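> Build me a structure from this.
(2 chains)
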There are 2 protein chains.
Amino acid sequence: MSAAKTHGSLPSDHMYVRGLDANHANHVAISPISFIQRAAEVHPDALAVVHGRLRQTWSQTLRRTRRLASAIHRLGIGLGDTVAVMLPNTPPMVEAHFGVPMSGAVLNSLNTRLDAKAIAFMLNHGEAKLVITDLEFSPTMKEALAILKAEHGRTPMVIDAVDAEFNPPGERLGSQTYEELVAFGDEHFMVRLPDDEWQSICLNYTSGTTGDPKGVVYSHRGAAMAAISNILEWDMPKKAVYLWTLPLFHCNGWCFPWVVALRAGVNVCLRRVEAKMVFDLIREHGVTHYCAAPIVHNMLVNAPADLKSGLHQVKAMVAGAAPPAAMIEGMEEMGFEITHVYGLTETYGPAAACEKHEAWTSLDITERARLNARQGVRYHLQEGCTVLDPETMQPVPHDGETMGEIMFRGNIAMKGYLKNEKATRAAFEGGWFHTGDLAVAYPDGYVKVKDRSKDIIISGGENISSIEVEDVLYRHPAVMAVAVVAKPDEKWGETPCAFIELKPGSAPSAEDIVTFCKQHMAAFKVPRSVVFGELPKTSTGKIQKFELRKRAGSAKAIDV
Amino acid sequence: MSAAKTHGSLPSDHMYVRGLDANHANHVAISPISFIQRAAEVHPDALAVVHGRLRQTWSQTLRRTRRLASAIHRLGIGLGDTVAVMLPNTPPMVEAHFGVPMSGAVLNSLNTRLDAKAIAFMLNHGEAKLVITDLEFSPTMKEALAILKAEHGRTPMVIDAVDAEFNPPGERLGSQTYEELVAFGDEHFMVRLPDDEWQSICLNYTSGTTGDPKGVVYSHRGAAMAAISNILEWDMPKKAVYLWTLPLFHCNGWCFPWVVALRAGVNVCLRRVEAKMVFDLIREHGVTHYCAAPIVHNMLVNAPADLKSGLHQVKAMVAGAAPPAAMIEGMEEMGFEITHVYGLTETYGPAAACEKHEAWTSLDITERARLNARQGVRYHLQEGCTVLDPETMQPVPHDGETMGEIMFRGNIAMKGYLKNEKATRAAFEGGWFHTGDLAVAYPDGYVKVKDRSKDIIISGGENISSIEVEDVLYRHPAVMAVAVVAKPDEKWGETPCAFIELKPGSAPSAEDIVTFCKQHMAAFKVPRSVVFGELPKTSTGKIQKFELRKRAGSAKAIDV
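Purely as a prediction, here's the structure:
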């Protein structure tokens, strides 16, 4: 037919190659550092950060991040070094997302809810040279530093972040405060973009419910692409006002520090997520957008009515579990619009969204909730999100039934796991990032997570999706939160066991719950055991199923 | 102080390098090809293209562009080959922006208003292997192909685009029609992103009012970054409805074919820009956005009132000349909101925007027009747009007075000029793209073009900005369009000469005009000659000053 090629490299003397190399004028690194510089250039006096009584403009914020970068540099820390932070959603945490990369270093945001042993593991594994830690976490950090010194002989520099207005308790651990560090830096510090946009920008440890956490490494390029995609998913306008309900330590707050800078918007900081505070800040600052785990949205929806008066329209993102109909409905009643997104630490937070279709708006709430409960489609600047058979690496039929594994491909996937080539290779096998989430794909291409591999309950040889059972239970009016796990059973191998947290004032019997389930699912899926009580949750609000598996006596509590 | 580095490369065994290379799962080319694939995946049944009675969805459009790519491939054309198109703003033109790059080839959109000699020059210089040409342009193309064969011995394949519904006159020049070509292709053609995002995607010739046009080469990366930036500048939402008033051959319609795909929006095609048609389409299809030269906006503002009834809010971009107060006011009366952008062929169309500030909304129209008349600040994903002294390459003081040259730097700058290393090196000297536009920078960092170097009038040793004189004349109620050029003068060297196109029904005398000028500018800047009549314009609506200079007898008509 023809010898034409659609791909490959052209010879160096080809007319579309010769004299057309990239140079300093037409090719620069794609990096979030550029975003804050533009915000400060174009909107120097616009509000950038709000925290308690603090009001800080974009030019002030850029100056402070330059000082921070300069101070880190003056401490002898730079390219390829790790700077760890143990901070709540306060201004230093927002600033660290710019100042640390500007110094050439890599930002390791620690999960502030972890124990000393886990923190010590991360500080050792990431080889942190500097630790910035809020006084609230001094007890944990003190113990972690002691372990780090005793077991690994490491003694990073320590800087205390003192949140004077909120005055949290805590001992000083370092020789300097964060403000002293910033003051030590030069506000004229010359900030350059990285020479290579593949340069590492952040290190985030997976929660690692069992086994050692893995250190997920992000690039400047990926962080920028994820941030831009968040804007595209949400149609997020300039000057958006963003409330920090989502922990910034969680996948760098889904890359939103960089999103807010690119929109020259406002970071409304928040030390602690409480319904009254959230609603007050929304009203006071005209918050337009926030992200949160389902547990937070639930808290807001179920808050007393008087807290919710006088609200305007707010856009919210939710990930972690599909938003049940009751949540969507509750949000709509408040005038909030919820977008369901999906991702992992390895994909810079969300990298798929359940993008809505106009035709859905005319459907009833149950049907809309069913459609919205899906994880959806790839982010705008992600290349692929699909369900593959992990054996053959072929797409499963788009029938809403055949299970496979969700896989991602594109610029919104991590560089890999730090010092773990084996795990990195396994994660990227076959040219796709393997999420470990079992899912189906629908005829419209939208994917739906059915379960983590380890969350599937196998009863009498039948697979039961614990999520499916949970979805039904969430529709019960008394249920606040629920988790279903496998309970060993002599006859069936496993049976579903439901752990339920009830709404205040509700008191159904286990029998009521079972009866409700029987009306809505196949008999073999109905939980054989129902346990009421508060559910154990991880620092990011996820229900700790491994803990519940232990309580249910499942072997899976140990071996996964 | 310290040996820390903020930049450079890390050794290959460094923990942030080893095992963390880019791979097929976490790094793909940034390319507009990805945008149409996502639109078709996520919104297959959404409207993509409207033209007369034609309605085409995104899945149909993707299938057709795949077929087009396949057909081109089957013709033996691929990586690094040029495909030239001579098309109005019709569906084949939109499709070519995807199908041609998908085949690996480079799209050369020809300016349909050029003469045969210029077209022949471009087909020869760009080495086009295939030409797709609308029947309307058959006379010019026939002559161009004859010159190409006679003078250069080149005979590219020719495909006729037949716009049946609009049935424009014209002889068939090729052996196949565009529809036959598309039918010849395989709709399952395997589309892959380029291996390297620096791969060339388009070739656009500068208008070259004198001298040979230069061939500006774009990359996949740059095209995608420019497209995303347009969305960010405009806060352009998903499903935007875009009217094709701006010629697609003009910097690839400022990259909007790719913008519309990324928004899964609608391309409303338009063969000819006429006020009635524009307003009818806006109403019929709920157009939300369009771009155009000042001349088009003026035409709309000055259209009869009955054409404008029942309009909704529309966002418009204007470039080419600063929008005068009267235009902004007229647009606002129609409910249209205008954004002033600035760029060149070399910067993928606009790469700077006069981003508005909230504080401006309370100013009166004259002051707002003055602020909006500036070229503004860099695009969101452009790295720099600034006024430098071209001798020292240092920024001029931000005083609104000191002249320098506007320069751009970043990912929204061309790869270079095709087969012209000398011009490419000169354009990028010192690590910046030199626009050739003289400008000042204001204290807020916004830049304002004062003139093209060649448009400055030097009278008695004083520099007169022709744009400044034009700005005043545009405020005269009888003036529809104006251009001021240098007229040789024995005593003063040069004096300003104003060419004025009047609004219908107006008939001021030359003396009226001069009197008006004297009230609004220094005496030495007042035009000594005033000439009334229609102004000569380029194909993109720019006033042809070189032609007017000729009429004024200026030496500059020849030597620049």
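> Quick check: which ranges of the stretch 151-300 of chain A have low pLDDT?
Applying pLDDT under 70 to the stretch 151-300 of chain A flags the ranges A:207-211.
> one more time with 80, if that's ok
A:167-168, A:207-212 (pLDDT under 80).
> got the residues of it near chain B?
Contact residues, the stretch 151-300 of chain A versus chain B (CB under 8 Å from any CB of the partner chain): A:192-196, A:198, A:200, A:217, A:221-222, A:225, A:228, A:231-232, A:235, A:237-239, A:262. C-beta coordinates here come from the backbone N, C-alpha and C atoms, glycine included.
> Mind checking which of those are buried?
Neighbour-count burial (16 or more other CB atoms under 10 Å in any protein chain shown) applied to these gives A:193-194, A:198, A:200, A:217, A:221-222, A:225, A:228, A:231-232, A:237-239, A:262.
> In strands, which of those fall?
Secondary structure from DSSP state E places A:Ser200, A:Val217 of those in strands.
> Go through the buried ones among the residues of the stretch 151-300 of chain A next to chain B and flag which are in helices.
A:Arg221, A:Gly222, A:Met225, A:Ile228, A:Ile231, A:Leu232, A:Leu262 (DSSP state H).
> OK, contacts around the last one?
Under the criterion of CB atoms under 8 Å, 6 or more residues apart in numbering or on different chains, the contact list for A:Leu262 reads A:Pro32, A:Phe35, A:Arg38, A:Ala39, A:Ala227, A:Ile228, A:Ile231, B:Leu232, B:His380.
> Surely A:Tyr242 touches A:Gly286?
No - assessed by CB atoms under 8 Å, A:Tyr242 is found out of contact with A:Gly286, at 11.1 Å.
> Those two: which is more packed in?
With neighbours defined as other CB atoms under 10 Å in any protein chain shown, A:Tyr242 and A:Gly286 compare such that A:Tyr242 has more, 24 against 13.
> is that one in a bridge, and if so with what?
For A:Tyr242, the beta-bridge partners under DSSP bridges are A:Asn267, A:His289.
> measure it to A:Met236 for me?
Remark: distance between A:Tyr242 and A:Met236 (CB to CB, to the nearest Å) = 9 Å.
> Next, show the common contact partners of the two.
Joint contacts of A:Tyr242 and A:Met236 (CB under 8 Å, 6+ apart) are A:Val259, A:His289.
> now the helices for the stretch 51-200 of chain A?
Remark: helices assigned in the stretch 51-200 of chain A by DSSP state H, counting those that start in this stretch are A:58-74, A:91-102, A:116-125, A:138-152, A:178-184.
> which one of those lies closest to B:Gly99?
B:Gly99 lies closest, by CB to CB, to one member of these: helix A:91-102, at 39.6 Å.
> ok, and does the closest one reach over to chain B?
Yes - looking at helix A:91-102 against chain B by CB under 8 Å from any CB, the contacts come from A:Met102.
> Return the angle between stretch directions for that helix and helix A:58-74.
60 degrees (axes from the mean of the first three to the mean of the last three CA atoms, to 10 degrees).
> helices and strands around helix A:91-102, which ones?
Contacting helix A:91-102 under the criterion 3 or more CB pairs under 8 Å, 6 or more residues apart in numbering or on different chains; DSSP states H and E are the following elements: helix A:33-42, strand A:47-51, helix A:58-74, strand A:82-86, strand A:106-109, strand A:128-134, helix A:256-262.
> what packs against the third one?
Other helices and strands packing on helix A:58-74, by 3+ CB pairs under 8 Å, 6+ apart, are helix A:33-42, strand A:47-51, helix A:91-102, helix A:178-184.
> Can you tell me which of these is packed in deepest?
Ranked by mean neighbour count under mean count of other CB atoms under 10 Å in any protein chain shown, these are led by helix A:91-102, which reaches a mean of 27.
> what's the average pLDDT for that one?
Average pLDDT, helix A:91-102: 98.
> got the CA coordinates for it in CSV?
Coordinates of each C-alpha in helix A:91-102 appear next as CSV, following Å, rounded to 0.1, in the frame of the first residue of the first chain:
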residue,chain,number,x,y,z
PRO,A,91,-0.9,29.1,55.6
PRO,A,92,2.5,27.5,56.1
MET,A,93,1.1,24.3,54.5
VAL,A,94,-0.1,26.3,51.5
GLU,A,95,3.2,28.1,51.3
ALA,A,96,5.3,24.9,51.6
HIS,A,97,3.7,23.7,48.3
PHE,A,98,5.5,26.5,46.5
GLY,A,99,8.5,27.4,48.6
VAL,A,100,9.8,23.8,48.9
PRO,A,101,9.8,23.1,45.2
MET,A,102,11.2,26.5,44.5
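> A:Lys415 against A:Ser219, yeah?
Yes - contact criterion CB under 8 Å: A:Lys415 and A:Ser219 qualify, at 5.3 Å.
> More neighbours: which of those two?
More neighbours surround A:Ser219 than the other of A:Lys415 and A:Ser219, with 29 against 26 (other CB under 10 Å).
> Any idea what that one is bridged to?
A:Ser200.
> Contacts only, for it.
By CB under 8 Å, 6+ apart, the contact set of A:Ser219 is A:Glu197, A:Trp198, A:Gln199, A:Ser200, A:Ile201, A:Lys415.
> confidence score at the last one?
Looking at A:Lys415, its pLDDT reads 98.
> Report the mean confidence score over the one helix or strand A:Leu473 maps to.
Using DSSP states H and E, A:Leu473 maps to helix A:466-474. Average pLDDT, helix A:466-474: 86.
> any idea how far A:Ile448 lies from A:Phe546?
Heads up, residue A:448 is Lys, not Ile. 23 Å.
> ok so, going back, include distance to B:His7 when you put the helices of the stretch 51-200 of chain A into CSV, please.
Converted to CSV, those look like this (distance: least, CB to CB, whole Å):
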stretch, distance to B:His7
helix A:58-74, 11
helix A:91-102, 11
helix A:116-125, 25
helix A:138-152, 29
helix A:178-184, 21
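> With respect to B:Arg272, which of those lies nearest?
helix A:58-74 (45.1 Å).
> quick one, the closest one and strand A:47-51 angle?
Using the same axes, to 10 degrees: helix A:58-74 against strand A:47-51 is 70 degrees.
> circling back: and the contacts of A:Leu262 as TSV, adding distance to A:Glu346?
Conversion of the contacts of A:Leu262 to TSV gives the following (distance: CB to CB, whole Å):
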residue	distance to A:Glu346
A:Pro32	19
A:Phe35	23
A:Arg38	29
A:Ala39	28
A:Ala227	17
A:Ile228	19
A:Ile231	21
B:Leu232	27
B:His380	27
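> mind checking how far A:Arg370 is from A:Tyr442?
Counting by CB to CB, the gap from A:Arg370 to A:Tyr442 is 11 Å.
> repeat for A:His285
Taken as CB to CB, the span from A:His285 to A:Tyr442 is 39 Å.
> which parts of the stretch 351-500 of chain A sit against chain B?
A:355, A:357-358, A:377-378, A:380-381, A:383, A:408-411, A:413-421, A:424-425, A:428, A:431-433, A:445.
> The helix holding A:Leu473 - contacts with which helices or strands?
In this structure, helix A:466-474 makes packing contacts with strand A:447-452, strand A:479-489, strand A:493-502, helix A:510-520, judged by 3+ CB pairs under 8 Å, 6+ apart.
> That helix to helix A:510-520, inter-axis angle?
Using the same axes, to 10 degrees: helix A:466-474 against helix A:510-520 is 110 degrees.
> So which residues make contact with helix A:466-474?
Against helix A:466-474 from outside (CB under 8 Å, 6+ apart): A:321-322, A:324, A:326, A:373, A:449-451, A:455-457, A:479, A:482-486, A:496, A:498, A:500, A:513, A:516-517, A:520-521, A:525-527, A:545.
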